[in-house]
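Chemist: The sequence and its predicted three-dimensional model are supplied below.
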Amino acid sequence: MPLPSKLRDWLERETRLWTSEGLIGEAQRERLLARYPTAGQPSGMAFALRSLGVIVLFAALMLVVSHNWEELGRGGRMGMIVGLLIGLQGLAFALHARRSEAGSVLAHLAAGLGVGAAIFMTGQVYHLDAHAPNAVLAWCLASLPFVLLLDWTILHVVHLALACVWLGMKASGNPPPGEGFQLVFLALTAPSAWAGYRTPRAPLIGVVALAYAFMVITLGSQNWNMPLAAIVTPLALAALHPAGSRLAESWRAVGFLATAVLMLFIGDLENLRARTDFAEWARIWKSAPVLTGAALAVVALAAARSLRLKDGRRNDAWMAAGALALAELWLNGTGHPAEISLVKAGANLGTLAMVASLLQLGLNEGRLRPYLASGALFLLWLGWRYANIHEAVGYLGMAAVFAVLGVALFALARLWRARSERAERADEAAFRPAWAESLLARLRPRATSLLIATYAVQLGVIGWMVWHHGQPLREGRRFVVRCEPVDPRDLAKGDYVILGYPFGTLNRAELDALGQAFWATEGTPPPGDRRKDLPEDIFVYLPFTVGADGLARPGKLGLAAPSDGPYLRGYAGGRRRRDIRFGIEAFYVKEGTGRDYEKLMRTGLLLAEIAVLPNGRAGLVELKADPEPLMPLPFRLVRGWEPAGWGDWVISDAESFKRLTSRANGGEPADMPDFTKHRVVLIREGWVWKSRVTVEANSGLVRVRSEGEATEESRKSHLLLIPAGDTPVYGPRGRIDEAEPEE
């Protein structure tokens, strides 16, 4: 019988005293406490609305943070958010000490969200990279102690949501080969899964199942080390629950959906070579051995137990094992047409078996959803197969098929009205291993101390972030570099400018050279890495010097730190494979001012002041306009040539010029430009040039502009001949890339 928390705490204290006095043994005490668990958590519409109110108020707080009050300064903004976090922690602790259940839930929810606000505020103040997934992971880990110590469903849901956000952000950033993401994500969801079984909570297990499905879809859709066995694992997990278990419903729903999609795809009658779409999955044992082994173990256990079952759980286990066997045979078989045809026939029969199983489940348990799902799956299968065979059987043949199926649906509807053999709902058994309960019994008396330690660790993390990311600004040497921004917006941090740099993107030759140098010392690249790219987050080093104009001039990127002189330490990978990240790619600005920086970007006149430590770690100080004036630069139009394709280019060699241009109107071309003295700026048709073109330059850039009224002649593509050099060229749309001879 559940007891209110205050009475349950009294019972714990008393039974501990009884044990110390020898009245009862430790085992008796554990059984007694297990007989009287803590009463259910706060529930109801009022509590749900209050929880939603806390989340909405947090969103309002993040918008206040996003406003980026420059007049407060770094110290003022950090003091505001840290003070608010301390206030929320104090309120949560006071309500917990008073045993106010609902108030403590909401206060700790607010305190956990406040940790995220503090992390993102630190990112804003020190201009950390936008949308950094590590910030979300830190937030998720910082809130985990609340989840473990307090065990409230709303905290579990927020924790799982943060884990999913982290995984989605990492997946969008081209993760390296390996199964680390899956294992970390499963480790983050494990506490919530255990809590959902310890005190059986079907809604919480439903959220856990959805999080698992999110992992499979997010990583599997991009073919990143997602084993085939992981797709059918939820259906096997459903088979391991007792008959009629509500905890199994979410696993069964996710498993049926995933398995049905797999079977429908394998059973496609037209595409007999479709298994080539899964070719990369043949390497999962090399790149995801732990996840593969665990998934296969679950499927095998469910199949073994199904031999002793006579209810719907046997169907779940057999369908999971059968679907996996068909998929593996389809993928790794001989490829003989007869074999593939048999596999496809088995997949279609398996799909129909799933329809029958869902139908039986709905009838036996008196539930409409499985019954409707069986009809939906059947109609989906029928429509897909109709597209495969309608030309072969003709309209009359398909009409006969549909007529029979229509009568069958009416019969199923009549059967639903007269449903029988309903299975009794199972009493959900609590999953409470003795060792885990013994550990909890030792931790509960220390819950208050552990909460205080959690508050201290959270504040310590924020303090470390402030010290670590502020170190380049305090101790680093200052340099000025030219940058290339765009102007997005982030709810968590406000208006910001993503900064690119001329040295932040590798050309193909540089990429290949670095990749070959790395794998020459590291061995064979992972399977599927055809281009031998550098893995993400490998350190690279960029030496630079300071020119006469005061701007930093980059040297040659390498895999080892230079022995002398200043350098930047960066990471290979990033948003695209050719990007190098130096930690200075985002600058947060006051609300409404981002467009001003965008205008400077289009002219190439935006400079960034950075502070660099001796170890190459850098931080952004400020953005400013280039103070050096632009002067007219001599140029002329190149006659007799026109662009041969799409794209705007700066051409510095004859090979690229021949590849990107052709003779104009079949006439005789002018002489080939002398690329020892000149460069060609190729501008395709579509820029809508004005009647007058001007070229300006300073020591750091060349800018092409057009003015006046557009004419028929000026609307055509242009080839501009300008003096040779390595300074970047900017047109009306921003920087124009340098053409590569091997492009």
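Modeler: Yep, that arrived. Numbers count the residues shown, from 1 in each chain.

Chemist: what pLDDT does A107 get?
Modeler: For A107, the model assigns a pLDDT of 83.

Chemist: Is it in a helix, a strand, or coil?
Modeler: helix (DSSP: H, G, I helix; E, B strand; the rest coil).

Chemist: Make sure T603 is actually in contact with G731.
Modeler: No: in this structure T603 lies outside contact range of G731 using CB atoms under 8 Å: 10.1 Å. In short, each C-beta sits where N, CA and C put it, glycine included.

Chemist: Find the residues that touch each one of the two.
Modeler: Common neighbours of T603 and G731, using CB atoms under 8 Å, 6 or more residues apart in numbering, are R703.

Chemist: quick one: which of these two has more around it?
Modeler: G731 (22 against 17; other CB atoms under 10 Å).

Chemist: Dihedrals phi and psi, the more buried one?
Modeler: phi -110, psi -170 (degrees, to the nearest 10).

Chemist: likewise S100?
Modeler: phi -90, psi 100.

Chemist: Could you measure from it over to L91?
Modeler: Going from S100 to L91 by CB to CB, to the nearest Å gives 11 Å.

Chemist: before we move on, what about D512?
Modeler: With the distance defined as CB to CB, D512 ends up 57 Å from L91.

Chemist: can you count the residues close to E12?
Modeler: A count of nearby residues for E12, using other CB under 10 Å, gives 18.

Chemist: Mind checking the pLDDT average for stretch 731-743?
Modeler: Mean per-residue pLDDT for stretch 731-743: 74.

Chemist: Ok, stretch 547-560 next?
Modeler: On average, stretch 547-560 scores 83.

Chemist: contacts for that stretch?
Modeler: With contact meaning CB under 8 Å, 6+ apart, stretch 547-560 is reached by 479-482, 502-503, 506, 510, 514, 517-518, 538-546, 562, 580, 607, 628, 698-700.

Chemist: buried sites along that stretch?
Modeler: Neighbour counts over stretch 547-560 (16 or more other CB atoms under 10 Å) mark 551-554, 557 as buried.

Chemist: so can I have CSV of the residues you listed showing distance to L33 and secondary structure?
Modeler: Output for the buried residues of stretch 547-560, formatted as CSV (distance: CB to CB, whole Å; DSSP: H, G, I helix; E, B strand; the rest coil):
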residue, distance to L33, secondary structure
L551, 70, strand
A552, 66, strand
R553, 71, strand
P554, 66, strand
L557, 62, coil
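
Chemist: closest to L167 among these?
Modeler: Ranked by distance to L167 (CB to CB), the buried residues of stretch 547-560 are led by L557 at 30.5 Å.

Chemist: how far away is that closest one from L32?
Modeler: According to CB to CB, L557 and L32 sit 67 Å apart.

Chemist: circling back to that earlier point, tell me which of the contacts of stretch 547-560 fall in strands.
Modeler: Within these, residues falling in strands by DSSP state E are 479-482, 539-546, 580, 607.

Chemist: Can you turn the buried part of those into a ChimeraX selection?
Modeler: Command for ChimeraX, covering only those of the ones in strands among the contacts of stretch 547-560 found buried under the criterion 16+ other CB under 10 Å:
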select :479,480,481,482,540,541,542,543,544,580,607
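
Chemist: which pair in the ones in strands among the contacts of stretch 547-560 spans the largest distance?
Modeler: Most distant of the ones in strands among the contacts of stretch 547-560, by CB to CB, are F539 and L607, 26.2 Å apart.

Chemist: what's the model's confidence in whichever strand or helix holds W464, averaged?
Modeler: According to DSSP states H and E, W464 maps onto helix 447-475. Mean pLDDT, helix 447-475: 87.

Chemist: Any buried residues in the strand or helix carrying Y212, and which?
Modeler: Here Y212, judged by DSSP H and E, is contained in helix 202-220. Buried residues in helix 202-220, defined by neighbour count with 16+ other CB under 10 Å: 204-209, 211-216, 218-220.

Chemist: Specify which member of the buried residues of stretch 547-560 is nearest to Q124.
Modeler: A552 (25.1 Å).

Chemist: residue closest to the middle of the protein?
Modeler: Nearest to the geometric centre of the chain sits G168, at 1.7 Å (CA atoms, centre = their mean).

Chemist: Would you mind measuring from it to M263?
Modeler: From G168 to M263 the distance is 27 Å (CB to CB).

Chemist: Then V461?
Modeler: 46 Å.

Chemist: The two: which has the busier surroundings?
Modeler: M263 (27 against 18).

Chemist: tell me the SS of S662?
Modeler: S662 - assigned by three-state DSSP - is strand.

Chemist: Would you mind confirming that it makes contact with W641?
Modeler: Yes: using CB under 8 Å, S662 makes contact with W641 at a distance of 7.1 Å.

Chemist: the more surrounded of those two?
Modeler: W641 (23 against 14).

Chemist: Is K624 in contact with I610, as I believe?
Modeler: No: in terms of CB under 8 Å, K624 does not count as a neighbour of I610; the distance is 11.9 Å.

Chemist: The two: who's more crowded?
Modeler: Higher neighbour count among K624 and I610: I610, with 27 against 13, using other CB under 10 Å.

Chemist: what pLDDT does that one get?
Modeler: 89.

Chemist: a strand runs through it, doesn't it?
Modeler: Yes: under three-state DSSP, I610 falls within a strand.

Chemist: what's the spacing between it and D726?
Modeler: Per CB to CB, I610 is found 21 Å from D726.

Chemist: Domain map for the protein?
Modeler: 1-34, 45-172+443-473, 200-392+419-429, 476-625, 631-736 (automatic domain parsing).

Chemist: Just send the ones you listed back as CSV, with distance to S192 too.
Modeler: Putting the domains of the chain into CSV (distance: least, CB to CB, whole Å) gives the following:
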stretch, distance to S192
domain 1-34, 21
domain 45-172+443-473, 4
domain 200-392+419-429, 6
domain 476-625, 23
domain 631-736, 46
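
Chemist: P191: which of these is closest?
Modeler: Comparing these by CB to CB, domain 45-172+443-473 comes nearest, at 5.8 Å.

Chemist: Let me see the contact set for L167.
Modeler: 181, 185, 214-215, 218-219.

Chemist: And the residues you listed, which two are furthest apart?
Modeler: F181 and F214, at 12.3 Å, using CB to CB across these.

Chemist: I'd like the secondary structure assignment at L620, please.
Modeler: Under three-state DSSP, L620 comes out as strand.

Chemist: Thanks a lot, catch you later.
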